[in-house]
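**Q** Any chance you could fold what I've pasted below:
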Amino acid sequence: VDHLTWRLAPGERIGLVGVNGSGKTTLLRTLAGEVSLAAGKRIEGKTLRLGWLRPELDDLDPQRRLLDAVEDVATYVQLGKKELSASQLAERLGFSAKRQRTPVGDLSGGERRRLQLTRVLMAEPNVLLLDEPMAGTGREETERLVEVLKRLSADYTMILVEHDMDAVFALADRISVLVYGEVIATGAPEAIRENEKVRQAYLGEEA
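**A** Numbers count the residues shown, from 1 in each chain. Below you'll find the model as predicted:
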């Protein structure tokens, strides 16, 4: 992505949307420091604790119980003024006490994705890079996940890549639209929703 400057303030929630192949995941990898910049600088604060939900699923022991896979990261997490156990956080993300005893290998793709997010949150990041957190989830699970992230978002700076536009509009304060490496629009959710150029290029709607 050329000529893009982002200054991320604490607590900002940015949605990053665009058609497949637009460079969204590459941009996240660059922000995470995995991909080198061709030009310019990547500057991170000294207090940065990055939590990155990658597009690839974690390579976990399929025989390990879900709760054990979460506790491998930490047994407790501090969220704002609350301390939650690994089990309590997993339950917030939709895993019942019974489901927490399930082997990782028996989970659906959407459940593996939520498990991966639970593990990311257990590391107590202050910046979240979320690549398709809703992938593989049904509507009920997506709505639950959106509500959880809305409640937790005050504790994080967040950049969200997501194809579910309802989720993006619900979670983001500001949205940037990428079309094949070019940022064609940036603005508040309502401004993006009403932008004819965005509707044509990304949403596939006619003006």
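**Q** ok, now which ones touch Ser176?
**A** When contacts are counted by C-beta atoms under 8 Å, 6 or more residues apart in numbering, Ser176 touches 14-17, 183, 185-186. Placement of C-beta: from N, CA and C, glycine included.
**Q** Check which residues of stretch 7-26 are buried.
**A** Buried residues in stretch 7-26, defined by neighbour count with 16 or more other C-beta atoms under 10 Å: 12-18, 22-25.
**Q** what's the first-to-last distance across that stretch?
**A** Start to finish, the residues bounding stretch 7-26 are 18 Å apart (C-alpha to C-alpha, to the nearest Å).
**Q** Contacts only, for Leu37.
**A** Thr30.
**Q** part of a strand, is it?
**A** No. Assigned with DSSP: H, G, I helix; E, B strand; the rest coil, Leu37 falls outside any strand and is coil.
**Q** Could you check the pLDDT of it?
**A** Leu37 carries a pLDDT value of 77.
**Q** Now, the contacts of Ser176 that are in helices?
**A** When the contacts of Ser176 are checked against helices (DSSP state H), there are no matches.
**Q** What is the nearest of those residues to Asp58?
**A** Proximity of the contacts of Ser176 to Asp58 (C-beta to C-beta) peaks at Leu16, which lies at 22.0 Å.
**Q** Show the contacting residues for the residue minimising distance to the centre of the chain.
**A** Closest residue to the average C-alpha location of the chain: Leu130 at 1.9 Å, with C-alpha atoms, centre = their mean. Under the criterion of C-beta under 8 Å, 6+ apart, the neighbours of Leu130 are 53, 117, 158-162.
**Q** what does stretch 44-58 contact?
**A** Counting by C-beta under 8 Å, 6+ apart, stretch 44-58 makes contact with 25, 28, 32-33, 109, 112-113, 115-117, 119-121, 123-133, 156, all of which sit outside it.
**Q** Report the buried members of those residues.
**A** Using 16+ other C-beta under 10 Å as the burial test, the contacts of stretch 44-58 include 25, 28, 32, 112-113, 115-117, 119-121, 125, 127-133, 156 as buried.
**Q** taking the residues you listed one by one, which sit in helices?
**A** When the buried ones among the contacts of stretch 44-58 are checked against helices using DSSP H, the ones located there are 25, 28, 112-113, 115-117, 119-121.
**Q** Next one: Leu27 from Leu129, what distance?
**A** Distance check for Leu27 against Leu129: by C-beta to C-beta, to the nearest Å, it reads 10 Å.
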